[in-house]
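Engineer: A structural model of the following input is requested.
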Amino acid sequence: MTTPSIERGQGAAEVDLPTQYQPANVEGRLYERWVSAGLFTADPGRRPDAPAYSIVIPPPNVTGSLHMGHALDHSIQDTLVRRRRMQGYETAWIPGMDHAGIATQNVVERELAKEGKSRHDLGREAFVERVWQWKGESGGRILGQMRRLGDSVDWSREAFTMDEARARAVRTIFKRLFDDGLIYRAERIINWCPRCLTALSDIEVEHAEREGELVSIRYGSGDTELV
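Structural biologist: Numbers count the residues shown, from 1 in each chain. I've put the predicted structure just below:
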């Protein structure tokens with residue numbers, strides 16, 4: 001089998017082409033060229049009369065990494081965004097990650113346990129700083145995966161659900177909804193973690209069936225009945 005080659009011009013030497021496509025030799029360099037040229041950056045002032053189009057990536061949890069489901073979802077979004085760009089829209093595809101709440105706390109606490117420490121040893125401010133440090137390490141892996149996928153996102157608008165702008169937006173909206181009577185505070189049965197000393201959502205609870213008993217106490221006229 002002969003190696004394919006091309007001629008660059010009359011009198012020029014032939015250039016051997018690889019027999020197989022090597023993505024690592026092409027895609028990373030090409031992607032960084034696109035980013036450096038600002039091809040993915042949205043600028044409303046550049047073409048004020050152009051129609052706008054925007055998609056916010058459903059933020060993946062910072063505790064994990066992208067999987068095949070993310071790859072499929074990002075491919076669909078990327079197709080929509082690139083099509084709108086070619087149609088003349090000023091397009092913004094917003095990248096970001098979710099802080100994953102208790103899951104992130106657990107991961108960082110496990111790292112501290114390996115050092116023989118707990119979050120109480122560090123104190124609140126130092127622990128939060130450690131969480132941000134870990135976010136930089138784990139989040140960097142996810143962002144690297146997005147680059148390898150070729151996501152045409154606007155990196156200048158990268159967001160994180162615990163950064164100041166997003167945290168302020170959440171507080172503002174919750175206050176507005178409360179003032180409008182659309183949400184309220186009340187006593188409800190919750191999933192309480194005695195170790196983390198916080199409430200957990202149902203998806204963070206490991207459910208297990210156990211034999212137990214149902215007890216009711218009836219208070220009457222001097223008599224107490226225990227069932």
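
Engineer: Quick one: residues contacting Ala199.
Structural biologist: Applying Cβ atoms under 8 Å, 6 or more residues apart in numbering, one finds that Ala199 lies in contact with 190-193. For glycine as for every other residue, the C-beta is placed from the backbone atoms N, C-alpha and C.

Engineer: for it, phi and psi?
Structural biologist: Reported as degrees, to the nearest 10, the phi and psi values for Ala199 are phi -80, psi 150.

Engineer: Contacts only, for Gly158.
Structural biologist: Careful, residue 158 is Glu; it's not Gly. Shown here is Glu158, whose contacts under the criterion Cβ under 8 Å, 6+ apart are 94-96, 143.

Engineer: Relative to Asn61, how far out is it?
Structural biologist: Taken as Cβ to Cβ, to the nearest Å, the spacing of Glu158 relative to Asn61 amounts to 16 Å.

Engineer: one step back: ok, so of the contacts of Glu158, who is nearest Gln87?
Structural biologist: Using Cβ to Cβ, Ile94 is the member of the contacts of Glu158 that lies nearest Gln87, at 19.2 Å.

Engineer: distance of the closest residue to Asp73 other than its chain neighbours from Asp98?
Structural biologist: What sits nearest to Asp73 in space, not counting adjacent residues and going by Cβ to Cβ, 6 or more residues apart in numbering, is Pro58, at 7.1 Å. Counting by Cβ to Cβ, the gap between Pro58 and Asp98 amounts to 8 Å.

Engineer: okay, the contacts of Ala199 in TSV with distance to Lys135 next?
Structural biologist: Converted to TSV, the contacts of Ala199 look like this (distance: Cβ to Cβ, whole Å):
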residue	distance to Lys135
Ile190	26
Asn191	25
Trp192	26
Cys193	21
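
Engineer: tell me the helices in the protein, going along the chain?
Structural biologist: Counting by DSSP state H, the chain has these helices, from start to end: 27-36, 68-86, 101-114, 119-122, 124-149, 164-179.
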